[in-house]
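Engineer: no sequence on this one, just coordinates:
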C-alpha cells in the first residue's frame, strides 16, 4: 500500500510577513492541489498528516471553505485524510476538538483523527500533541507506523532548545517501522541499521525568511509499505527569491523579537487562561515563530 506523508501544514488566512503573495489562500490552494496530484499519481490510499494542520483552531470562513474543497476532492478520489491535533489545532491546548476546525471536519467525515487506524496488515498509531506513548500496544506481525506531533529533530532551532534527536527517538521506539514527525518544521530523514525510518517533511509552506526556509523547497514523501521505499515529491513552489522580499528592504518589518515580548510580559504576576488566549491571538497576528513561542512558554512556566 502507498501512503502520502506530510508534516506541519499551518493552513491560515494571514500571509506571513515578508512574502509577496497577494492572495495567500490561492497560494495554499495551489500547493494542496499539488499534494493531491502526488497522491493520485502514486495511487495512495491515504494521506498521513503529523499535526498543526491549521495555524489556529478557529480559522476564518474563507480558510474553512478553501480547505473543505480540498477534503471533498480527496473524498471523491477515495483518498483518506488521517491527521492528529498539534498545539495549533487545539483551543488553549485542550484535547477536546468540538470547538475547532479539525473537529468540524471530523464530524463531517472529511478527515480522521482516531488514535488507531488499521489497513489489513498495516497499523497506524496517531499520537496527538501532549500525549505520551504508554497506550500503544503493538502487534509485531503488522507493519507499524507512528504519526506524532513532538519536538523531534536533527539540530537545535535556537540555543538551549529541548529537542529529542531523531536517531534517539527511533532507537527508543524500535517497535515502529516508520515514524512520521511534526512540530519541528524542517525536513530530516534517518534510517536505522535494521531499515526502520524516522522522518519529517518540513512545513508545507515557507513561513519565515530565515536561512533554513529560504534554502528549502517544500515536498512530501510517498511511502510504499510493500517494499519499504520512499519517494520524494516536490510541491509546486516558486524560488524563495521570487516569494520573499529581501530582509534588506526595511519597508517590511520582521516579526518582533523575544525582547519585545518579554517587555510586554513584565509586571505579570499570574498568567491566566484569558491572558494566554490573548497571547495566542498576538502570535497569530504577528506571525510569531515556533521558536519564540516555545521560549515564551518556558519563561512563563518558570515564573
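Structural biologist: Yep, it's here. This one's a predicted model, so the numbers in the text were calculated from it and none came from an experiment. Numbering: from 1, shown residues only.

Engineer: Check the burial of residue 116 by counting its neighbours.
Structural biologist: Neighbourhood size, residue 116 [other C-beta atoms under 10 Å]: 11. Every C-beta, even on glycine, is put in place using the N, C-alpha and C of the backbone.

Engineer: How about the contacts made by it?
Structural biologist: Residue 116 makes contacts with 123, 124, 125, 126, as judged by C-beta atoms under 8 Å, 6 or more residues apart in numbering.

Engineer: Please report how far it lies from residue 235.
Structural biologist: 29 Å (C-beta to C-beta, to the nearest Å).

Engineer: quick one on the thing from earlier: format the contacts of residue 116 as JSON lines; extra columns: pLDDT and neighbour count.
Structural biologist: Shown next, in JSON lines, are those (pLDDT from 0 to 100; neighbours: other C-beta atoms under 10 Å):
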{"residue": "123", "pLDDT": "97", "neighbour count": "21"}
{"residue": "124", "pLDDT": "98", "neighbour count": "23"}
{"residue": "125", "pLDDT": "97", "neighbour count": "23"}
{"residue": "126", "pLDDT": "96", "neighbour count": "25"}
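
Engineer: For these, name the two members farthest from one another.
Structural biologist: Using C-beta to C-beta, these span at most 10.7 Å, a distance reached by 123 and 126.

Engineer: shared neighbours of these two, anything?
Structural biologist: Residues touching both residue 123 and residue 126 (C-beta under 8 Å, 6+ apart): 116, 117.

Engineer: How much space separates residue 175 from residue 138?
Structural biologist: Residue 175 sits 4 Å away from residue 138, going by C-beta to C-beta.

Engineer: Could you verify that residue 171 is part of a strand?
Structural biologist: No. Looking at residue 171 with DSSP: H, G, I helix; E, B strand; the rest coil, it is helix, so not inside a strand.

Engineer: Now for the nearest residue in space to it that is not next to it in sequence, how many residues are close by?
Structural biologist: Counting by C-beta to C-beta, 6 or more residues apart in numbering, residue 171 lies nearest to residue 192, which is 7.0 Å off, once chain neighbours are set aside. Counted with other C-beta under 10 Å, residues neighbouring residue 192 total 12.

Engineer: if you average pLDDT over stretch 106-117, what comes out?
Structural biologist: Summarised as a single mean, pLDDT over stretch 106-117 is 95.

Engineer: returning to what we had before: need the overlap of contacts for residue 175 and residue 138.
Structural biologist: With C-beta under 8 Å, 6+ apart, residue 175 and residue 138 have common neighbours residue 144.

Engineer: so residue 213 makes contact with residue 205?
Structural biologist: No. The criterion here is C-beta atoms under 8 Å, and residue 213 misses it with residue 205 at 9.2 Å.
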